[in-house]
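**Q** Using only what follows, build the 3D model:
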Amino acid sequence: MTGFSYRLLEFTNTLRFGLRCPKKFQRIFVRPGDIQYNLLSVEFKKAYGYTLKSIRNPVDDKDWSPFVEPLDRSPRIERVKWKVTSGLSWKDVGEYALMMRKIESRGRADGCSGLEDLDHRYAVLDDLIESCRQTGTLKDQSELGGSFREKGGIDVAIDDLGRLVMAGGGYHRLGISQALDLKVIPVALVAIHRQCLHNGIWDRVLQESKANQGHIDHRIRT
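**A** This is a model prediction of the structure:
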């Protein structure tokens with residue numbers, strides 16, 4: 001779906017929810033430690049026929065609660081944190097073995113089809129770890145050459161209780177951010193529960209995002 005198509009859909013949402021309505025892949029700024037939940041996307045898709053990342057309209061009204069679990073149950077996040085804090089290699093923490101099993105099963109995994117691709121993938125992640133460690137920040141997608149909002153970043157949804165829920169890609173970047181205790185990071189809003197537009201949660205998220213962005217801007221200036 002193109003950026004123009006998203007904007008056509010957003011025109012309808014603006015009429016329904018106002019000028020501050022949430023937008024697909026909208027960049028918001030959050031504290032990494034505030035992301036404490038994970039969506040079971042495979043189970044969610046089996047139940048509803050789609051994933052939160054794939055839906056065109058970011059405003060959703062289904063019951064997410066059966067598919068939201070604590071993030072610390074995700075082995076992906078725990079492996080990344082282990083690697084960052086221990087200094088072990090990606091092979092040592094089991095990332096290569098896991099990816100090779102996926103490649104053998106599917107032919108490709110996360111854009112990788114063999115060891116050469118994996119070496120490149122994890123070299124890029126090692127560079128990211130070093131960059132975050134040195135600067136204390138995580139670059140947003142505009143700084144990385146992204147073409148549409150924060151698409152390609154850390155995919156987050158906001159459930160009806162206002163909880164930040166991982167709902168797509170970006171687990172490695174989130175794990176790195178949490179392991180290095182970064183103060184604020186950019187994330188891509190892929191979905192928000194409709195209830196948040198009526199109970200004040202979305203307004204609160206926008207206010208906190210603006211304050212968090214100010215923290216980043218101040219850090220860059222100094």
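**Q** Report the rounded mean pLDDT for the top strand by length along the chain.
**A** Longest strand of the chain, by residue count under DSSP state E: strand 185-193. Mean per-residue pLDDT for strand 185-193: 97.
**Q** Going by neighbour count, which residues of the helix or strand bottoming out on mean pLDDT in the chain are buried?
**A** In the chain, no helix or strand scores lower on mean pLDDT, DSSP states H and E than helix 3-17, which sits at a mean of 75. For helix 3-17, a neighbour-count test (16 or more other CB atoms under 10 Å) marks 6, 9, 10, 13, 17 as buried. C-betas here are computed from N, CA, C, even on glycine.
**Q** Can you list the helices and strands that the longest strand of the chain packs against?
**A** For strand 185-193, the packing partners by 3 or more CB pairs under 8 Å, 6 or more residues apart in numbering; DSSP states H and E come out as strand 26-30, strand 59-60, strand 155-158, helix 171-179.
**Q** Most tightly packed of these?
**A** Sort the helices and strands packed on strand 185-193 by mean neighbour count, taking mean count of other CB atoms under 10 Å, and strand 155-158 sits at the top with a mean of 26.
**Q** Can you pull out the residues in contact with that strand?
**A** Outside strand 155-158, the residues that touch it by CB atoms under 8 Å, 6 or more residues apart in numbering are 28, 30, 35, 39, 52-53, 64, 164-170, 187-193, 196, 201-202, 205.
**Q** mind running it again at 7 Å?
**A** Here strand 155-158 makes contact (CB atoms under 7 Å, 6 or more residues apart in numbering) with 35, 39, 52-53, 164-170, 187-193, 196, 201, 205.
**Q** Do you know the pLDDT at residue 2?
**A** 54.
**Q** Could you report the distance from the closest residue to residue 194 other than its chain neighbours to residue 48?
**A** Distances taken as CB to CB, 6 or more residues apart in numbering put residue 61 closest to residue 194, at 4.3 Å, once the chain neighbours are dropped. Residue 61 sits 11 Å away from residue 48, going by CB to CB, to the nearest Å.
**Q** the more surrounded of the two?
**A** residue 48 (15 against 9; other CB atoms under 10 Å).
**Q** Name all residues that make contact with the more buried one.
**A** Listed by CB under 7 Å, 6+ apart, the contact set of residue 48 reads residue 62.
**Q** Just the pLDDT for it.
**A** Turning to residue 48, the model gives it a pLDDT of 97.
**Q** ditto for the one 4 residues further on
**A** pLDDT recorded at residue 52 is 97.
**Q** follow-up on the earlier one: for the buried residues of helix 3-17, give me TSV that also has distance to residue 98.
**A** Formatted as TSV, the buried residues of helix 3-17 follow (distance: CB to CB, whole Å):
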residue	distance to residue 98
6	33
9	36
10	38
13	39
17	41
